[in-house]
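> Predicted model follows, preceded by the sequence.
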Amino acid sequence: MEKSQEMHFYESKIRLIFLLILGVVFILFGVLVGVFAFNEGDLGMGVLGAVLALFFAFCIVMGLKRLGNPGPYLTLTEEDLIINASSNNPIYIKWVDIEAFSIYKKNNNKFIGVILYDEEKYRDLMSDKMRKLYHINTVMHLPLYNITWGQIKRRDKERLLEELEGRISQNLQADGNDSV
């Protein structure tokens, strides 16, 4: 397995389109609830319907941004694992800082947890906003960074696992050779 090769893994656009369609359905449901509730004089349910519609409208806008972004979700380079590679704030993790990967399921979603030797080193690099957001992972005893399994195209999933395993084992072998 050639470590120097740069590899890109992309989001599943079909899954994203399905979620966008589902979002439109929930917006319509929220609008319907809001309109009927306001007509009946039920202010609480009307507000709930409006909030529901606004929340899913926000989700659709974010989804459309992701759909329009042709860049990769993950990039594997010789030195780094890059999560959200095409976003404004990609996460660069050095291969030598990765201890292992942990596959787990949470709320019917599968994740690949990135287990780091020194999480504090990467936590210090985060902005205050991101640190607060990722604090949830610490509280729930989850790895600091995760790769969302469902965001990887189906045909690339096996190749991703092989690549991650290969690069970690190469780093472990390199560390073992340094100590001799």
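On my side now, so go ahead. Numbering: from 1, shown residues only.
> where's the spatially most central residue of the chain relative to residue 19, distance?
For the chain, the residue nearest the mean C-alpha position is residue 148 (4.7 Å; Cα atoms, centre = their mean). Look at residue 148 and residue 19: by Cβ to Cβ, to the nearest Å, they are 12 Å apart. Backbone N, C-alpha and C define where each C-beta goes, glycine included.
> And residue 143, by the same measure?
To residue 19, residue 143 is 24 Å away according to Cβ to Cβ.
> Tell me which of the two has more neighbours.
Neighbour count, other Cβ atoms under 10 Å: between residue 143 and residue 19, residue 143 has more, with 21 against 16.
> could you give me the average pLDDT of the biggest helix by length in the chain?
For the chain, the helix with the greatest residue count under DSSP state H is helix 13-40. For helix 13-40, mean pLDDT is 92.
> Packing partners of that helix?
helix 43-68 (3 or more Cβ pairs under 8 Å, 6 or more residues apart in numbering; DSSP states H and E).
> Run the angle between the helix it packs on and helix 13-40 for me.
Angle, helix 43-68 to helix 13-40, by axes from the mean of the first three to the mean of the last three Cα atoms, to 10 degrees: 160 degrees.
> which intervals of this structure have sub-threshold pLDDT?
Scanning the chain for pLDDT under 70 picks out 1-4, 85-86, 172-180.
> Tell me which residues touch residue 105, please.
Counting by Cβ atoms under 8 Å, 6 or more residues apart in numbering, residue 105 makes contact with residue 111.
> can you rerun that using 10 Å?
111, 149 (Cβ atoms under 10 Å, 6 or more residues apart in numbering).
> and it, what are its bridge partners?
Beta-bridge partners for residue 105, by DSSP bridges, are residue 110.
> could you list every residue that touches residue 58?
Residue 58 neighbours (Cβ under 10 Å, 6+ apart): residue 23.
> Would you confirm that residue 163 contacts residue 75?
No. Between residue 163 and residue 75 no contact is recorded; they are 11.2 Å apart, counting by Cβ atoms under 10 Å.
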